[in-house]
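>>> After the sequence you'll find the predicted model.
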Amino acid sequence: MRHKSILSMGVFLLGALVFVAESTFLAGGNALAEDRDDQHWKAGDDADEVLEQGKQIFRFDTFGDQTWWGDTLHLHQAIAGAANGGVGPGVSPKTALAVGLKVDSDALPAQLKRQIAAGQVNLDDPATTLALLKLNAVVGVTGFFDSAGHIKSMGIQCAFCHSTVDNSFAPGIGKRLDGWANRDLNVGAIVSLAPNLKPFTDLLGVDAGTVKKVLASWGPGCYDAELDKDGKALRPDGKRACTLIPPAFGLAGVNLHTWTGFGSVPYWNAYVAVTQMHGSGAFFDHRLADPTQFPVSAKSGSHNVRGTPDRVSDKLPALHFYQLAIPAPKAPAGSFDTAAAARGKALFDGRAKCATCHVPTTFTEPGHNLHAPSEIGVDSFQADRSPTHTYRTAPLAGLWSHQKGGFYHDGRFATLNDVVEHYNRQFSLSLSAENKRELVEYLKSL
Ligand code: HEC
Ligand code: HEC
């Protein structure tokens with residue numbers, strides 16, 4: 001609806017867009033986030049409507065988190081740059097794409113697409129990034145602009161980390177793929193641009209240099225969602241402490257979620273929306289008040305948050321509904337060897353014992369799907385950052401779509417072959433080289 005109105009306006013030059021968009025589109029864009037407040041799921045609502053609401057929330061709702069990303073960290077100023085009323089050099093579209101941000105081609109007017117294709121749009125100019133934000137074209141990021149068209153704040157959405165695009169227009173620019181893990185996104189590099197890192201230095205009791213060092217350790221596709229609870233910025237061996245961004249698709253029927261099984265989908269959605277994105281809402285988990293395991297949340301109180309107004313809680317039902325409805329994408333034909341994959345399936349279900357834990361078709365155990373670190377032959381660092389002290393059997397559907405960044409919670413295995421080699425040793429499977437290849441082809445087909 002928004003996109004159509006932009007198209008019909010016939011705004012052709014990017015320069016013109018900057019001026020026109022703010023008065024028309026933007027009013028709509030901001031209202032969108034606000035409107036969500038009076039749309040919430042009620043028993044008996046039409047399922048398609050709930051699904052659509054959930055999609056809108058997943059893609060566009062900031063839950064009011066602009067009070068954190070913009071008003072507190074001033075990240076929007078770093079994006080704008082000094083030339084546009086912000087600070088520093090600003091973030092050009094080229095830089096934004098380089099740190100893994102994605103552009104939704106469906107939000108771009110046709111004329112603008114033609115101009116980009118013809119090389120007539122300056123992708124080195126932060127003003128272009130602001131114009132894209134005005135079009136609501138940057139996946140997972142919303143800019144808030146004043147009536148004079150200056151950016152005054154910004155917020156992020158679930159889609160920031162859990163969506164990418166199909167690159168159909170250009171690398172990083174294409175149609176949205178909801179639920180896909182954005183393994184290009186360098187969250188640490190983006191947060192590190194914030195002119196005000198004081199909230200982090202205060203919370204963690206370290207200086208800005210240390211905060212920047214930790215943020216720089218994450219790299220693409222990795223984020224630490226427990227740092228603000230236990231303050232463990234690095235592993236004891238000095239390596240990064242973040243976990244890979246998992247997909248948010250193919251989760252229907254799966255009991256416990258996150259790499260370490262913190263809880264259900266709505267549990268985690270509230271955790272993230274309130275304590276990570278810093279939306280305004282309620283989150284409660286007494287387990288995170290334990291001062292030994294979670295000294296930072298025990299002190300800050302982020303285990304028991306009651307933000308007002310609550311812009312999260314009444315959205316959890318539709319958000320849950322939508323997430324469960326996102327299917328894992330099918331492996332493209334030709335991306336794996338079908339005959340080898342069929343033999344790999346027989347191994348997976350039989351001799352290699354994979355299916356005892358990765359039970360088809362959710363590829364995790366029906367029931368309490370957690371395992372002690374020793375059972376799968378890895379250290380307990382990340383497990384011990386969770387109230388469960390265990391690892392959750394990772395659902396494997398759509399595995400082919402998140403191979404970048406490696407496998408297991410921290411990407412310790414660079415390739416699927418490395419994963420299979422690990423199991424071969426751990427469970428003394430005596431797999432031949434051909435067996436291993438067949439298992440890998442099967443994993444690529446899921
Ligand atoms: C800054 C990046 C980021 C944002 C924003 C984000 N997530 Fe996540 N998400 C992660 C990471 C990293 C994990 C893994 C956390 C862990 O295991 O400790 C995760 C885990 C999940 C999981 C568990 C998936 C599984 O395999 O069980 C779900 C579901 C999820 N997120 C949904 C959401 C929703 C819904 C939102 C918006 C409210 C959201 N996320 C926002 C990074 C993000
Ligand atoms: C004892 C239960 C168990 C068995 C048996 C098992 N797995 Fe796993 N698997 C897990 C757990 C738990 C994880 C998550 C590890 C982590 O988070 O670091 C996992 C993770 C994986 C991953 C990484 C998924 C991702 O998103 O990074 C792959 C691939 C995988 N297993 C394949 C297999 C194959 C192939 C076999 C058989 C050779 C197998 N597993 C046997 C429990 C098991």
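Here it is on my side, so go on. Numbering: from 1, shown residues only. Ligands and ions are numbered 1, 2, ... in the order given.
>>> The residue of the stretch 1-150 of the chain found nearest ligand 2: neighbour count?
When scored by Cβ to the nearest ligand atom, the stretch 1-150 of the chain has Gly100 as its residue closest to ligand 2, at 18.5 Å. (Each C-beta comes from the backbone N, C-alpha and C, glycine too.) For Gly100, the neighbour count with other Cβ atoms under 10 Å is 20.
>>> where does it land in three-state SS?
With DSSP: H, G, I helix; E, B strand; the rest coil as the basis, Gly100 sits in coil.
>>> Now for it: which residues touch it?
172, 182-186, 220-221 (Cβ atoms under 8 Å, 6 or more residues apart in numbering).
>>> contacting residues for Gly70?
Gly70 makes contact with 76, 144, 152-155, according to Cβ under 8 Å, 6+ apart.
>>> tell me which of those residues is nearest to Ser297?
Comparing the contacts of Gly70 against Ser297 with Cβ to Cβ places Gly155 closest, at 22.6 Å.
>>> The closest one belongs to a strand, doesn't it?
Yes: under three-state DSSP, Gly155 falls within a strand.
>>> Quickly list what it is bridged to.
Thr142 (DSSP bridges).
>>> for the one 10 residues further on, same thing?
According to DSSP bridges, Arg176 are recorded as the beta-bridge partners of Val165.
>>> that older thread, out of the contacts of Gly70, who's nearest Leu429?
Gly155 (47.9 Å).
>>> if I look at that closest one, how far off is Gly344?
Using Cβ to Cβ, to the nearest Å, we find Gly155 at a distance of 44 Å from Gly344.
>>> Just flag the most distant two among the contacts of Gly70.
Lys152 and Gly155 (11.6 Å).
>>> Just want to know which of these two has more residues nearby.
Counted by other Cβ under 10 Å, Lys152 and Gly155 do not tie: Gly155 has more neighbours, with 28 against 17.
>>> does that one really touch Thr72, like I thought?
No: Gly155 sits out of contact with Thr72 when judged by Cβ atoms under 8 Å, with a separation of 11.2 Å.
>>> which parts of this structure sit against ligand 1?
Where the chain comes near ligand 1, counting by Cβ under 6 Å from any ligand atom, the residues are 156, 158, 160-162, 187, 223, 225-226, 243, 245-246, 248, 251, 257-260, 265, 268-269, 272-273, 277, 319, 323.
>>> Narrow these to those in helices?
160-162, 187, 265, 268-269, 319, 323 (DSSP state H).
>>> for those, which one is nearest ligand 2?
For these, the nearest to ligand 2 is His162 (13.9 Å; Cβ to the nearest ligand atom).
>>> and that closest one, what is it in contact with?
Applying Cβ under 8 Å, 6+ apart, one finds that His162 lies in contact with 58, 178-182, 245, 247-248.
>>> Pipe those residues into CSV and attach pLDDT per row.
Listed next are these as CSV, based on pLDDT from 0 to 100:
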residue, pLDDT
Phe58, 98
Asp178, 98
Gly179, 98
Trp180, 98
Ala181, 98
Asn182, 98
Ile245, 98
Pro247, 97
Ala248, 97
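>>> Break the protein down into its domains, please.
Domains of the chain are assigned by automatic domain parsing as 2-185, 217-325, 338-445.
>>> Quick check: which of the ones you listed is nearest to Ala208?
Per Cβ to Cβ, nearest to Ala208 of those: domain 2-185, 12.4 Å.
>>> List just the nearest of the ones in helices among the residues of the chain next to ligand 1 to Gly350.
Val265 (31.4 Å).
>>> quick one: contacts for that closest one?
Val265 neighbours (Cβ under 8 Å, 6+ apart): 251, 257, 320, 323-324.
>>> can you pull out the helices in the stretch 101-250 of the chain?
110-117, 126-134, 159-162, 187-192, 198-204, 208-218, 227-230 (DSSP state H, counting those that start in this stretch).
>>> who does the first one touch, helix- and strand-wise?
Looking back up the chat, that one is helix 110-117. For helix 110-117, the packing partners by 3 or more Cβ pairs under 8 Å, 6 or more residues apart in numbering; DSSP states H and E come out as helix 14-23.
>>> Check the longest one too.
When contacts are defined as 3+ Cβ pairs under 8 Å, 6+ apart, helix 208-218 sits against helix 187-192, helix 198-204.
>>> So what touches it?
Contacts of helix 208-218 (Cβ under 8 Å, 6+ apart): 186-189, 191-192, 197-198, 200-201, 204, 224, 227, 233-234, 239-242.
>>> so where's the stretch 1-150 of the chain uncertain?
Scanning the stretch 1-150 of the chain for pLDDT under 70 picks out 1-44.
>>> go with 50
Along the stretch 1-150 of the chain, segments meeting pLDDT under 50 span 1-37.
>>> Now it against ligand 1: closest residue?
Ligand 1 sits closest to Phe58 of the stretch 1-150 of the chain, with a gap of 6.2 Å, by Cβ to the nearest ligand atom.
>>> C-terminal to the helix or strand that that residue is a member of, what's the next element?
Assigned by DSSP states H and E, Phe58 belongs to helix 47-60. Scanning forward in sequence from helix 47-60 by DSSP H and E, the next helix or strand is helix 66-69.
>>> helices and strands around that next one, which ones?
Helix 66-69 packs on strand 151-156, going by 3+ Cβ pairs under 8 Å, 6+ apart.
>>> orientation of the strand it packs on relative to helix 126-134 in degrees?
60 degrees (axes from the mean of the first three to the mean of the last three Cα atoms, to 10 degrees).
>>> Average pLDDT for strand 151-156, rounded please.
Strand 151-156 shows a mean pLDDT of 97.
>>> center of the protein, which residue is that?
Nearest residue to the geometric centre of the chain (Cα atoms, centre = their mean): Cys161, 1.8 Å.
>>> what's near enough to touch the residue lying closest to it once chain neighbours are set aside?
Leaving aside its sequence neighbours, Cys161 sits nearest to Ile245 (Cβ to Cβ, 6 or more residues apart in numbering; 4.9 Å). Contacts here follow Cβ under 8 Å, 6+ apart; on that basis Ile245 touches 161-162, 181-183, 185, 221-223.
>>> Also Thr364?
Neighbouring residues of Thr364 by Cβ under 8 Å, 6+ apart: 254-255, 357-358, 392-395.
>>> Restricted to strands, list the residues you listed.
Residues of the contacts of Thr364 located in strands (DSSP state E): Arg392.
>>> could you dump the contacts of Thr364 to TSV with neighbour count?
Below are the contacts of Thr364 laid out as TSV (neighbours: other Cβ atoms under 10 Å):
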residue	neighbour count
Val254	21
Asn255	18
Cys357	15
His358	21
Arg392	25
Thr393	22
Ala394	17
Pro395	24
